[in-house]
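**Student:** fold the stuff below for me.
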Amino acid sequence: MKKSLFLCLPALLIATSCVDSLKDYNVDPKRAAEGAVPGVTLVSSAELGLTRLVESTNVNLNPFRLFLQYWTETLYNDESNYNLKTRSIDRYFWERLYIGRGSTDPTVAPGVLRNLSEAKSLITADQFLDPKIKANQIACVEVLSIYAWTVLVDTYGNVPYNQSLDYNNPQPQYDDAATIYTNLFARINAAIAQMDASATGLGKADLVYGGDMSSWIKFANTLKLRMAITTADADAARAKTQSEAAASKVFTSNSDNATLAFQADLPNTNPLWEDLVNSGRHDFVGTSFFVDNLNTLKDPRLGIYFKPVAGTTATYKGGVNGALNTASLFSNPGTALEDPTLPGVLASYSEVEFLLSEAAARGFAVGGTAASHYTNAISASIEQWGGSTTDAAAYLTQPTVAYATAAGDYKQKIGTQAWIALYNQPIQAWAEWRRLDYPKLTAPADALSPIPVRLTYPSVEQNLNNTNYTAAAAAIGGDKVDTKIFWDKF
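**Tutor:** Residues are numbered from 1 along each chain as shown. Down below sits the predicted model:
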């Protein structure tokens, strides 16, 4: 179903791919005008832009697989050594979420939050839309917006929020990251309360769930659970309340995963295929740290995550992190990641079960035990990648994997296995690693800094919004890659 929905996307992108403001559509932003672009088409573009951002491995945009030492580089090693400024990675990531770059290339979607803001205005102003459908559509826009805002805050810390997305204010003030989260919790709860599973939502314009509101309710509660556990060390009482409220309404199987289906032909292909195959380049190999861990654990995902070394059928070897590695001598990213139709993942059932495991370990009343959710999380990941229940059971019988006997406290057990499972959710994996502090990663010998726990603010902010940039940098303790986000307490 999702794939057929995607067929409408090129036309939508032609209509929405170069948006500077609603003036580009000749639309009054305060009311729906005759011939206006439907708000739901902007949601389609936002879903695509958000999914491409979290899925991409383009080093100009998404270096997080390198931070987590899943991969390292071959032809150049700047990003593996945390050189984030030469390619303006911090700027491109920021722009994709906020405003976009005005590109007419449909694979370079306009800013996610800009499109969602304008979509909400158009949907709200539509006097002919059924009230229940309108409420559902606005709630879906809210969930996607909250998702994007959490990614921004989790990446940078304090960011422009209340004064953002105002075309008439190019110098917005930055808001406190913890305060933004407080507002986002209020917004997610309001959005959930507004959703009505008996009515339709975004319809065919919805590239994630095809307009199915029951799925959106699960997705919204899953995001709420993620937000609660992410901030648990900063506000344990709120994390408990919000986790317990969401726990019975989240994903319960891989069929619930929030994914966007890509197609076999450009421009609707998965960005991994574009970078790993269509580029004709071999820029990445697994790191020895990650591949050795998978080898040691006899992980059934090893042959899916990576290819055997060239000229062998079952030898998996990782390269030196941060060094210049010869692609043919090490394991390259797996064939599964080279599929142009591989769905992009916004949230997964495996992730949910790890979050519930942690919630249970913290004493939250979410049902089940830390061990049972941990087991479900690992099994879900293996099955998501095509493994069998037998594969999962065999993996979990190992003393080094089983919850009761694996090394360390719950943070080490969950952190290590979530790191493995979230291989293709690198932005979320980075958040989990920063919170849980496992596995223990070591920066490369030639690294320019410690392993980044945030991205620095874009240099354009220093140049064009200096007063507010300076205040924000001071408020978080310095605009450095080793300045922790407010929820990263340990």
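
**Student:** residue 298 and residue 397, how far apart?
**Tutor:** Distance, residue 298 to residue 397, by Cβ to Cβ, to the nearest Å: 11 Å. For glycine as for every other residue, the C-beta is placed from the backbone atoms N, C-alpha and C.

**Student:** between those two, point out the one with more neighbours.
**Tutor:** Of the pair residue 298 and residue 397, residue 298 is the one with more neighbours under other Cβ atoms under 10 Å, namely 12 against 9.

**Student:** mind checking the SS state of the closest residue to residue 419 other than its chain neighbours?
**Tutor:** Nearest non-adjacent residue to residue 419, counting by Cβ to Cβ, 6 or more residues apart in numbering: residue 439, 5.7 Å away. Of the three states, residue 439 takes coil under DSSP: H, G, I helix; E, B strand; the rest coil.

**Student:** what's the local residue count around residue 439?
**Tutor:** Residues lying near residue 439 (other Cβ under 10 Å) number 18.

**Student:** and what of residue 289?
**Tutor:** Neighbours of residue 289 under the rule other Cβ under 10 Å: 18.

**Student:** wait, what's in contact with residue 416?
**Tutor:** Residue 416 makes contacts with 406, 408, 438-439, as judged by Cβ atoms under 8 Å, 6 or more residues apart in numbering.

**Student:** how about the nearest residue to residue 122, chain neighbours excluded?
**Tutor:** Spatially, and ignoring its direct neighbours in sequence, residue 122 is nearest to residue 39 (3.4 Å; Cβ to Cβ, 6+ apart).

**Student:** if we can go back for a sec, which of the contacts of residue 416 are buried?
**Tutor:** Using 16 or more other Cβ atoms under 10 Å as the burial test, the contacts of residue 416 include 406, 438-439 as buried.

**Student:** could the residues you listed go into CSV alongside pLDDT and distance to residue 353?
**Tutor:** Formatted as CSV, the buried ones among the contacts of residue 416 follow (pLDDT from 0 to 100; distance: Cβ to Cβ, whole Å):
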residue, pLDDT, distance to residue 353
406, 98, 16
438, 98, 17
439, 98, 19
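
**Student:** tell me how far the longest helix seen in the chain lies from the chain's centre.
**Tutor:** For the chain, the longest helix by residue count, based on DSSP state H, is helix 131-156. From the chain centre to the centre of helix 131-156 is a distance of 14 Å (Cα atoms, centre = their mean, to the nearest Å).

**Student:** packing partners of the helix or strand that residue 471 is a member of?
**Tutor:** Per DSSP states H and E, residue 471 falls inside helix 466-476. Using 3 or more Cβ pairs under 8 Å, 6 or more residues apart in numbering; DSSP states H and E as the contact test, the elements touching helix 466-476 are strand 174-175, helix 459-464.

**Student:** who touches the first one?
**Tutor:** This means strand 174-175. Under Cβ under 8 Å, 6+ apart, the answer for strand 174-175 is 158-162, 468-469, 471-472, 475.

**Student:** ok, now with 6 Å
**Tutor:** With contact meaning Cβ atoms under 6 Å, 6 or more residues apart in numbering, strand 174-175 is reached by 158-162, 468, 472.

**Student:** what segments of the protein are strands?
**Tutor:** With DSSP state E applied, the chain shows strands at 71-73, 159-160, 174-175, 258-260, 284-286, 344-347, listed in chain order.

**Student:** report the central residue of the protein.
**Tutor:** The centre of the chain sits closest to residue 54, judged by Cα atoms, centre = their mean, with a distance of 4.2 Å.

**Student:** my guess is that residue contacts residue 429, does it?
**Tutor:** No: the pair residue 54 / residue 429 is not scored as a contact, 10.4 Å apart, by Cβ atoms under 6 Å.

**Student:** low pLDDT regions in the chain?
**Tutor:** 1-36, 101-110 (pLDDT under 70).

**Student:** let's see that with 80 instead.
**Tutor:** Applying pLDDT under 80 to the chain flags the ranges 1-37, 100-110, 167.

**Student:** one step back: may I see the strands of the chain organised as CSV, with mean neighbour count and distance to residue 388 added?
**Tutor:** Conversion of the strands of the chain to CSV gives the following (neighbours: other Cβ atoms under 10 Å; distance: least, Cβ to Cβ, whole Å):
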stretch, mean neighbour count, distance to residue 388
strand 71-73, 27, 27
strand 159-160, 23, 43
strand 174-175, 22, 47
strand 258-260, 23, 21
strand 284-286, 27, 23
strand 344-347, 23, 21
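
**Student:** including distance to residue 415, could the ones you listed go into a markdown table?
**Tutor:** Shown next, in a markdown table, are these (distance: least, Cβ to Cβ, whole Å):
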| stretch | distance to residue 415 |
| --- | --- |
| strand 71-73 | 19 |
| strand 159-160 | 26 |
| strand 174-175 | 30 |
| strand 258-260 | 23 |
| strand 284-286 | 19 |
| strand 344-347 | 19 |
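
**Student:** quick one on the thing from earlier: wait, isn't the residue nearest to residue 122 in contact with residue 121?
**Tutor:** No: with contact defined as Cβ under 6 Å, residue 39 does not reach residue 121; the gap is 7.4 Å.

**Student:** who has more neighbours, the two?
**Tutor:** Shown here are residue 39 and residue 121; by other Cβ under 10 Å, residue 39 has more neighbours (26 against 20).

**Student:** how about the contacts made by the more buried one?
**Tutor:** By Cβ under 6 Å, 6+ apart, the residues touching residue 39 are 119, 122-123.

**Student:** helices - which of these land there?
**Tutor:** Reading helices off the contacts of residue 39 with DSSP H, I get 119, 122-123.

**Student:** which one of the residues you listed sits closest to residue 484?
**Tutor:** Nearest to residue 484 among the ones in helices among the contacts of residue 39: residue 119, at 33.6 Å, using Cβ to Cβ.

**Student:** on that earlier part again, buried among the contacts of strand 174-175? Make that a PyMOL selection.
**Tutor:** Buried residues among the contacts of strand 174-175 (16+ other Cβ under 10 Å), as a PyMOL selection:
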select buried, resi 158+159+160+161+468+472
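
**Student:** count of neighbours near the closest residue to residue 253 other than its chain neighbours?
**Tutor:** Excluding the flanking residues, the one nearest residue 253 by Cβ to Cβ, 6+ apart is residue 349, at 5.8 Å. Using other Cβ under 10 Å, residue 349 has 25 other residues around it.

**Student:** what of residue 331?
**Tutor:** Neighbour tally, residue 331, other Cβ under 10 Å: 29.

**Student:** begin at 621, not 1, for the rest of this chat.
**Tutor:** Okay, residue one is now 621; in that scheme the one you just asked about reads as residue 951.

**Student:** from residue 1083, how far off is the closest residue to it other than its chain neighbours?
**Tutor:** Distance criterion Cβ to Cβ, 6+ apart; nearest residue to residue 951, sequence neighbours excluded, is residue 926 at 4.0 Å. Distance, residue 926 to residue 1083, using Cβ to Cβ: 42 Å.

**Student:** OK, contacts around residue 1085?
**Tutor:** When contacts are taken as Cβ under 6 Å, 6+ apart, residue 1085 is in contact with residue 791.

**Student:** ok, now with 8 Å
**Tutor:** For residue 1085, the contact set (Cβ under 8 Å, 6+ apart) comprises 790-792.

**Student:** for the stretch 671-820 of the chain, just list every one of the helices.
**Tutor:** Under the criterion DSSP state H, counting those that start in this stretch, the stretch 671-820 of the chain contains helices at 684-687, 709-718, 732-745, 751-776, 797-814.

**Student:** now do the phi/psi pair for residue 1027.
**Tutor:** Per-residue torsions, residue 1027: phi -70, psi 150 (degrees, to the nearest 10).

**Student:** wait, it sits on residue 1021?
**Tutor:** No: with contact defined as Cβ atoms under 8 Å, residue 1027 does not reach residue 1021; the gap is 10.2 Å.
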